[in-house]
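Asks: got a predicted structure plus its sequence, pasted below:
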Amino acid sequence: MIAAFLITLREGLEAALIVGIVLGVLRKLGRADRSRPVWTGVGAAVAASIIAGLALNALGVAFEGRGEEIFEGLAMLLAAGVLTWMIFWMQRQGRHVQVELESDVRRAVTGGGAWALFSLAFVAVLREGIETVLFLTAAAFSAAPAQTLIGGTLGLAIAVVLGWLMFAAGKRLDVRAFFRVTSVLLILFAAGLLAHGVHELQEAALLPTFVEHVWDVNSIVDENGAAGAFLKALFGYNGNPSLLEVFSYVAYLVTISLLAVRPTGQRRIASAPST
């Protein structure tokens, strides 16, 4: 539930910020009457995302036994990869998104008309929607479907309210602190998805096990208990992981840490005076 809440809160807020920027530019240009194509595009993107979610869920239900393990494992690995890319893309390009989006809106108003505004809103929101569907599908494999649905709905509702409040205030609120905190949590979530995906592919005999159980702490924190289920859903906790699961989890976090530090070092070298 917590993982689903966090995912939809972040993705929903990103979508809400995009819509808010588009509507804000229209208001500045005195063309608030052109907002209808924007809302139509948003509605179409939401509908397309729901259809994609239902199709992906139906595909997962169609598999059984080893096929189901392979599907779940690959879905988790894909979600972990997309989630990681999304976090780093937002860190590196997020500061330019608003400027580029405002420029696109101005061009759409002056040249493209209603269809251009519809397409702009549709593509932007659809990207967030498809990412959310993929992440929620992966999260549902390690939590009860009802909990995933409740957490996802709650996170999306709060994101909509926050987006509306920011637009109504008419101010550019600094949300970078929010994204920094959620990025850390989502990286831990992605690491758990990676390890869990490896586990599923091991169950399907597509990956070697090496050492089946590096340790077993289920007697202390049972992965099927309340605390264990919470940690499993959010961080991919496994009370008795295999060696490859542990290696994948640690290697992912080490790699992400190195990638997060590297740009800073490059900037310092680039800014150093030449001799």
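Replies: Thanks, I have it. Numbering: from 1, shown residues only.

Asks: can you count the residues close to the spatially closest residue to Glu14 that is not a sequence neighbour?
Replies: Leaving aside its chain neighbours, Glu14 sits nearest to Glu128 (5.5 Å; criterion: Cβ to Cβ, 6 or more residues apart in numbering). C-beta coordinates here come from the backbone N, C-alpha and C atoms, glycine included. Neighbourhood size, Glu128 [other Cβ atoms under 10 Å]: 24.

Asks: what of Phe141?
Replies: 21.

Asks: isn't it up against Leu77?
Replies: No. Using Cβ atoms under 8 Å, Phe141 is not in contact with Leu77; the gap is 11.7 Å.

Asks: residues of stretch 160-170 that come out buried?
Replies: The neighbour-count check on stretch 160-170 (16 or more other Cβ atoms under 10 Å) flags Leu162, Gly163, Met166, Phe167 as buried.

Asks: helices - which of the residues you listed land there?
Replies: Leu162, Gly163, Met166, Phe167 (DSSP state H).

Asks: leaving out the residues flanking it, which one is nearest to the second one?
Replies: The reference is to Gly163. Here the residue nearest Gly163, using Cβ to Cβ, 6+ apart, is Ala16, at 2.4 Å.

Asks: where does the one you found sit: helix, strand or coil?
Replies: helix (DSSP: H, G, I helix; E, B strand; the rest coil).

Asks: for it, report the pLDDT, please.
Replies: Confidence at Ala16, expressed as pLDDT, is 87.

Asks: the one 10 residues further on too?
Replies: The predicted local distance difference test score for Leu26 is 87.

Asks: kindly report the same for the one 5 residues further on.
Replies: Listed pLDDT for Arg31 reads 83.

Asks: what's the distance between the nearest residue to it once chain neighbours are set aside and Gly43?
Replies: Of all residues not flanking Arg31 in the chain, Val109 sits nearest, at 5.6 Å (Cβ to Cβ, 6+ apart). Distance of Val109 to Gly43, given as Cβ to Cβ, to the nearest Å: 20 Å.

Asks: which non-adjacent residue is nearest Trp39?
Replies: Ala121 (7.7 Å).

Asks: surely that neighbour meets Gly41?
Replies: Yes. Assessed by Cβ under 8 Å, Ala121 is found in contact with Gly41 at 3.2 Å.

Asks: so which of the two has more stuff around it?
Replies: Each of Ala121 and Gly41 has its neighbours counted (other Cβ under 10 Å); Ala121 has more, 27 against 24.

Asks: what is the burial count for the residue nearest to Gly163?
Replies: Ala16 has 23 nearby residues by other Cβ under 10 Å.

Asks: buried set for the one helix or strand Leu13 maps to?
Replies: According to DSSP states H and E, Leu13 maps onto helix 2-28. Across helix 2-28, burial judged by 16+ other Cβ under 10 Å covers 2-26.

Asks: which elements pack onto it?
Replies: Applying 3 or more Cβ pairs under 8 Å, 6 or more residues apart in numbering; DSSP states H and E, we find helix 2-28 packed against helix 35-62, helix 66-107, helix 113-140, helix 145-169, helix 176-203, helix 226-235.

Asks: tell me the helices and strands packed up against the second one.
Replies: If contacts are counted by 3+ Cβ pairs under 8 Å, 6+ apart, helix 66-107 sits against helix 2-28, helix 35-62, helix 113-140, helix 176-203, helix 243-271.

Asks: 6 Å - rerun?
Replies: Contact partners of helix 66-107 among helices and strands, from 3 or more Cβ pairs under 6 Å, 6 or more residues apart in numbering; DSSP states H and E: helix 2-28, helix 113-140, helix 176-203.

Asks: before we move on, back to that, neighbour count winner among Val109 and Gly43?
Replies: Val109 (17 against 13).
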